[in-house]
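Participant: Below are the sequence and a predicted model for it; my questions follow.
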Amino acid sequence: MMMTNTIGILLAGGVGERLYPLTRHRAKPAVPFGGIYRIIDITLSNCFNSQLRRIFVLTQYKSQSLHRHIRLGWDIVSHDLGEFIEIVPPQMRVGSDWYQGTADAVYQNIYTLDQESSRYVIILSGDHIYKMDYSLMLDYHIARDADVTVATIEVRRPEARRRFGVLDVLESGRIVGFEEKPDDPKPMPGNSEMSLASMGVYIFNRDTLFESVSDDAMDPHSSHDFGRDIIPWLVEKRKVYSYNFRDENKKEAKYWRDIGTIDAYYEANMDLVSVDPVFNLYDTSWPLRTRVLQAPPAKFVFADEGSRMGLALDSIVSPGCIVSGGRVSNSILSTNVRINSYSSVGYSILFPGVKVGRHARIFRSIIDSNVVIPEGEVIGFNEEEDRKRFTVTDSGIAVVTVDDYAEVSCPIAAQLD
C-alpha cells in the first residue's frame, strides 16, 4: 500500500562510455539485451512487479531510441489511477548545464518531483540486471524509521576493490561509513572475506532527498554524485541503513550485474543461453516486460545432408529471424536477423536487423543493429586482424557497428534503432 505514496526515479542519462561503441548512437539503457529486451526493461519490470507505478525516467544523451522504446512499449499504466512513466530530459530550470552527476540530475528536477505528492522516493539505475521487490525494501525502510536506506549485496573483498561503493555497517544494519571504490574494502560484520557493496538502489524520505541534493548543489567541490557525495555526507548526519538484497531470481546464488562494460555485457548475455542460466528469463511469477514487436515466428529452412542446414543450438532466436541454411550455436539472435546459407555464428550476439552473408563466419562477436555482413566475411578468429577494423575488448570480443560497414549498410540505421 505504501507504494502509492512512493515515486521512483530511474536514472538513464549516463554517457555509457564503457559500453562504446554500442552507445555511439543510443543511450546505455536502450542497448538490446537477451534478444527481445532493452537493458532498461529489467529495472522497469522490477518496478511493475513491486507495484511501483509512478516513475520518472531521467534521460540525457542520445535518448531518441530510448524514448521511443518506453513510449511504445511501456504505455501500460492507468492514468486514471494516477500511474505514469514519464520521460524527463534535462529541463535546465536551475541553470544552463546538463546533468553533472546523479544527484544533480535529481536536483535539476526538484520542481517536477514537487508536483507529485509522495513521502518516499526510490532512486534506481537503468543499467543493472537483477530481480528485486522494492516494496520489501520500503517495508524495511519504514520499520527502522530510516532517513535513507541503501540496497547492498555481499561481494568478495578482492572483487569489491576499486569497483563498488563499500559500506561499513553495524550488526543492527545502520551504516556508519561509506567509501566509493576503496583500495582496501572493509569487511562486513561476521565475515572478514566479504564486503557489503552498494547496488545503486536508494530509498529516501522525500524531505531528506530534497534537502541533501539542494545542499550538495551549493557545494562547488562536490561531484554531485549519490555514491561519492550524498550518501557519505548523510551517514554522518542522518539514520542511514543497509538493506540486504533479497533476490527474486530464485537461484542458489544472488544475481546482480553491473553490465557497464562490453565484457560484462557479453558475459551476462552468454549466461542466458547456457543450459541452466543463472538469470532466469522464463519465470512467470516475475515477468519481464518489453515492447512487443509485430513480427512473424522464427523460421529455419534447408535440411540438406551436406553443409547447407538451417539450425540453432543452445541459442536464443527471436521473432522475425530466418536461419536459412546457416548454423547458429551458443548465440543470441535479436528480432529480424537473417542467417544465410553456409554461414556460421558461434558465441555471438546479433542485434536487430543484422544480415549475415553466405559463407561468413562469426565467433565471439557482438554485431550491432542493421549491420550487413558481406559474403565470406570472417570475424572473431584472428584478433590481430579484427583490431585493424573493429573495436575489440581486452578479452577478445569483437564489436561490429554500421560505421564499420558504411558502404554496404544504412549509414543512419543505428540512429534509427
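Facilitator: That came through fine.

Participant: which non-adjacent residue is nearest residue 395?
Facilitator: residue 263 (5.0 Å; C-beta to C-beta, 6 or more residues apart in numbering). For glycine as for every other residue, the C-beta is placed from the backbone atoms N, C-alpha and C.

Participant: Tell me how far the strand or helix carrying residue 233 lies from the chain's centre.
Facilitator: Using DSSP states H and E, residue 233 falls within helix 231-235. Centroid displacement of helix 231-235 relative to its chain, using C-alpha atoms, centre = their mean, to the nearest Å, is 26 Å.

Participant: what are the C-alpha coordinates of that helix, in CSV please?
Facilitator: Taking Å, rounded to 0.1, in the frame of the first residue of the first chain, the C-alpha atoms of helix 231-235 are listed here in CSV:
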residue,chain,number,x,y,z
ILE,A,231,25.5,9.0,1.0
PRO,A,232,28.8,9.6,2.8
TRP,A,233,27.6,13.1,3.9
LEU,A,234,24.2,11.7,5.2
VAL,A,235,25.8,8.8,7.0
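
Participant: Quick check: phi and psi on residue 365?
Facilitator: The phi and psi values for residue 365, taken as degrees, to the nearest 10, are phi -140, psi 160.

Participant: Now do the same for it: its pLDDT.
Facilitator: Residue 365 carries a pLDDT score of 98 in this model.

Participant: before we move on, back to that, list the helices and strands the host helix or strand of the residue nearest to residue 395 packs on?
Facilitator: Element membership of residue 263 [criterion: DSSP H and E] is helix 262-272. Where contact means 3 or more C-beta pairs under 8 Å, 6 or more residues apart in numbering; DSSP states H and E, helix 262-272 is packed against strand 32-33, strand 256-258, strand 365-367.

Participant: Give me whichever of those is most buried.
Facilitator: strand 365-367 (a mean of 28; mean count of other C-beta atoms under 10 Å).

Participant: Quick check: what element follows the helix holding residue 233 along the chain?
Facilitator: Note on helix 231-235: by DSSP H and E, the next helix or strand toward the C-terminus is strand 240-244.

Participant: What's the mean pLDDT across that next one?
Facilitator: 96.

Participant: buried stuff in it?
Facilitator: By neighbour count on 16 or more other C-beta atoms under 10 Å, the buried set for strand 240-244 is 240, 241, 242, 243.

Participant: just stretch 216-225 next, same as before
Facilitator: In stretch 216-225, counting by 16+ other C-beta under 10 Å, buried: 216, 217, 222, 224, 225.

Participant: Over to stretch 68-81?
Facilitator: Neighbour-count burial for stretch 68-81 [16+ other C-beta under 10 Å]: 69, 70, 73, 74, 77.

Participant: ditto for stretch 90-110
Facilitator: For stretch 90-110, the neighbour count (16+ other C-beta under 10 Å) marks 90, 99, 100, 101, 102, 103, 104, 105, 106, 107, 108, 109 as buried.

Participant: Take the buried residues of strand 240-244 and write them to CSV, including distance to residue 37.
Facilitator: Shown next, in CSV, are the buried residues of strand 240-244 (distance: C-beta to C-beta, whole Å):
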residue, distance to residue 37
240, 33
241, 32
242, 30
243, 26
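
Participant: which one of the residues you listed is nearest residue 195?
Facilitator: Nearest to residue 195, judged by C-beta to C-beta, of these is residue 242 at 11.6 Å.

Participant: residue ranges of the helices in the chain, please?
Facilitator: With DSSP state H as the criterion, the chain has helices at 39-49, 64-73, 102-107, 110-114, 134-143, 157-160, 206-217, 231-235, 262-272, 383-389.
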